[in-house]
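Novice: Quick one, structure for this:
(one chain, ligands or ions: 1)
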Amino acid sequence: MLPLTDSPIARDGKILILAYDHGLEHGPVDFEPVPETMDPERIFETATHDAVTATAVQKGVAEAYYPSYEDETNLLLKLNGTSNLWMGEHDSAVNCSTDYAAELGADAVGFTLYGGSNHEVEMAEEFREIQEGAREHDLPVVMWSYPRGQGLKNDTKPGVISYATRLGLELGADVTKVKYPGDPDSMEHACAMAGKTKVIMSGGSKTDDRAFLETVEEAMSAGASGLAVGRNVFQREDPESILDGLEQVIFEDATAEEALEASGAEAATATDD
Ligand code: FBP
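Specialist: Sure thing, here's the model as predicted:
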């Protein structure tokens, strides 16, 4: 396990990843609410906000855009991914090596594991190669631990999410990203199950500012180390204001209420929704 004390992807042990692999994972539909977001430059500009500790992108976006932002942002390079066009059993193609991630200047690498998929065995073997390759470059490994597949329909049940965080610990992730299991007690159990591996919450589809910040507050109080968020930031006309709020809740231990008051995020909701 890599302690993240010296890693730029964490600040005081807390993490806020701006996820932007949606062009691959979901396709153009995710850019429809704010069409300018199809341009990765807009996202890298957003990622220069102080709250963001790393931006998660795929190789092609990193190659084309990260060089212009490497002084202002940190790169979490996603090493596998699948498009929404794929209709088969859940799986994710490895499309980049740890060596190439290091060459591109990555500060960390990311990998999706679909526990419970019929392809879990191969995915775990691929993860082994990634995890050991990352160790050679001292790069932290973030696992997107998303149990899903033929036998798993509800991938956010508390027991499933605790199993997902445990997979991160067992397989050697430094940070495990999971969906919120729905209540603080279940999140606390999931974080305890992860042992020394940090657990971060996945942002999910866009909700209003209050609901979103309250869920983040619950997750943080339950032991989460932060958030990896895409749509709940970039699908807003004013992503800076929600990032102001997230900065307070994640790094300053503020309540959602305090963050809303201080950032004026809720005022922005009225114009966004
Ligand atoms: P969101 O905050 O938009 O949910 O992004 C987090 C993320 O994990 C992305 O990295 C990824 O593209 C997407 O969610 C996967 O979402 P889904 O659960 O639909 O596969």
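Novice: For the stretch 51-200 of the chain, list the residues in contact with the ligand, please.
Specialist: Counting by C-beta under 6 Å from any ligand atom, the stretch 51-200 of the chain comes close to the ligand at Ala56, Trp144. C-beta coordinates here come from the backbone N, C-alpha and C atoms, glycine included.
Novice: does the residue in the stretch 51-200 of the chain positioned nearest to the ligand count as helix, strand or coil?
Specialist: The ligand sits closest to Trp144 of the stretch 51-200 of the chain, with a gap of 5.5 Å, by C-beta to the nearest ligand atom. At Trp144, secondary structure determined by DSSP: H, G, I helix; E, B strand; the rest coil is strand.
Novice: Contacts only, for it.
Specialist: Gly110, Phe111, Thr112, Leu113, Lys177, Ser202, Ala228 (C-beta atoms under 8 Å, 6 or more residues apart in numbering).
Novice: Is it bridged to anything, and to what?
Specialist: Assessed by DSSP bridges, Trp144 has beta-bridge partners Thr112, Lys177.
Novice: let's have the chain start at 56 instead
Specialist: In the new count, where the first residue is 56, that last one comes out as Trp199.
Novice: mind checking how far it is from Glu316?
Specialist: Separation of Trp199 from Glu316 (C-beta to C-beta, to the nearest Å) stands at 33 Å.
Novice: Now do the strands in the protein.
Specialist: Along the chain, the segments classed as strands by DSSP state E run 70-74, 109-112, 130-133, 135-136, 148-149, 163-168, 196-200, 230-233, 253-257, 281-284.
Novice: Burial check on the residue in the chain that the ligand sits nearest to, number of neighbours?
Specialist: As assessed by C-beta to the nearest ligand atom, the ligand sits closest to Gly258 within the chain, at 2.6 Å. Counted with other C-beta atoms under 10 Å, the neighbours of Gly258 add up to 26.
Novice: from what I can see it touches Gln290, true?
Specialist: No - the criterion here is C-beta atoms under 8 Å, and Gly258 misses it with Gln290 at 10.0 Å.
Novice: Quick check: nearest residue in space to Leu140, chain neighbours excluded?
Specialist: Gly82 (7.4 Å; C-beta to C-beta, 6 or more residues apart in numbering).
Novice: burial measure for that neighbour, as a count.
Specialist: By the criterion of other C-beta under 10 Å, Gly82 has 12 neighbours.
Novice: wait, it sits on Thr137?
Specialist: No - with contact defined as C-beta under 8 Å, Gly82 does not reach Thr137; the gap is 11.1 Å.
Novice: For the closest residue to Met178 other than its chain neighbours, give its distance to Tyr120.
Specialist: Spatial nearest neighbour of Met178, chain neighbours left out: Leu168 (5.3 Å); criterion: C-beta to C-beta, 6+ apart. Per C-beta to C-beta, Leu168 is found 26 Å from Tyr120.
Novice: Please identify which of these two sits among more neighbours.
Specialist: Between Leu168 and Tyr120, Leu168 has the larger neighbour count (other C-beta under 10 Å), namely 25 against 19.
Novice: what's that one in contact with, if anything?
Specialist: Leu168 makes contacts with Glu175, Met178, Ala179, Phe182, Met198, Trp199, Ser200, Tyr201, Leu222, Leu226, as judged by C-beta under 8 Å, 6+ apart.
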